[in-house]
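Novice: Turn this into a model:
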Amino acid sequence: MNNQEIPIDLRPTDNQDEAEFANKFYKEGWVFDQYQEDRINLFRAALFPLNLPDGYVVMFGTHNCKVFQSWCDHWGEDRCLGFELYNDENHPRIVVMDVRNLGKWCSTPVALCWNDIGSWERTPEARRRSYDWVKKNVVVGGYYMERSDNIAGWHLSSNMEKNGFEKCHDVLGGAYVIYKKL
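Specialist: Numbering: from 1, shown residues only. Sure thing, here's the model as predicted:
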């Protein structure tokens, strides 16, 4: 779904909280089935073959857990952690929280992370908080998959390099980038 297809009442207002907007958008406005299938296939091709170091496999933005469950099936539930505003599926490995509240108490070694919290355009504060947390918690040899500079709308790759990551792979024609922590 591109921005032009989003009904006007599902666009964030100037005074609307990001969490409130995200809940409404992802539960009421987004057709998710094809996206889920595409992401599961993407992960099978691009992430599942990676040789991961010790640490957790983290997904920010698990929605209804179908994509997240594919990770649990591949890497094992004990290794996977998901973060989401709500856990409607009652998945045992989902941490229910607003990622804007991530802090040092939530520090954990991360072998792989995919940040699918909102978007840099629609939920920039949540996206930034989760991004900053990931940079601090990915272990050496670990991976992080994020939007490309063009989609993020800023020089994210330069920031990743400054924080000890190298670009490994462009994914989906450059829509995503997989970074490795050096």
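Novice: longest strand of the protein?
Specialist: Criterion DSSP state E: the longest strand present in the chain is strand 138-147.
Novice: Can you give me the buried ones in that strand?
Specialist: Neighbour counts using 16 or more other C-beta atoms under 10 Å place Val138, Val139, Gly142, Tyr143, Tyr144, Met145, Glu146, Arg147 of strand 138-147 among the buried residues. C-beta coordinates here come from the backbone N, C-alpha and C atoms, glycine included.
Novice: Not counting its neighbours along the chain, what's nearest the most centrally placed residue in the chain?
Specialist: Nearest residue to the geometric centre of the chain (C-alpha atoms, centre = their mean): Asn115, 1.6 Å. Of all residues not flanking Asn115 in the chain, Phe60 sits nearest, at 4.7 Å (C-beta to C-beta, 6 or more residues apart in numbering).
Novice: picking up where we left off before, buried residues of the helix or strand following the longest strand of the chain, list them for me.
Specialist: Sequence-wise, the next helix or strand downstream of strand 138-147 (DSSP states H and E) is helix 149-152. For helix 149-152, burial by neighbour count (16+ other C-beta under 10 Å) applies to Asp149, Ile151, Ala152.
Novice: Likewise for stretch 71-83?
Specialist: For stretch 71-83, by 16+ other C-beta under 10 Å, it's Trp71, Cys72, Trp75, Arg79, Cys80, Leu81, Gly82, Phe83.
Novice: for this structure, which spans come out with low pLDDT?
Specialist: For the chain, applying pLDDT under 70 flags the ranges 1-32, 104-105.
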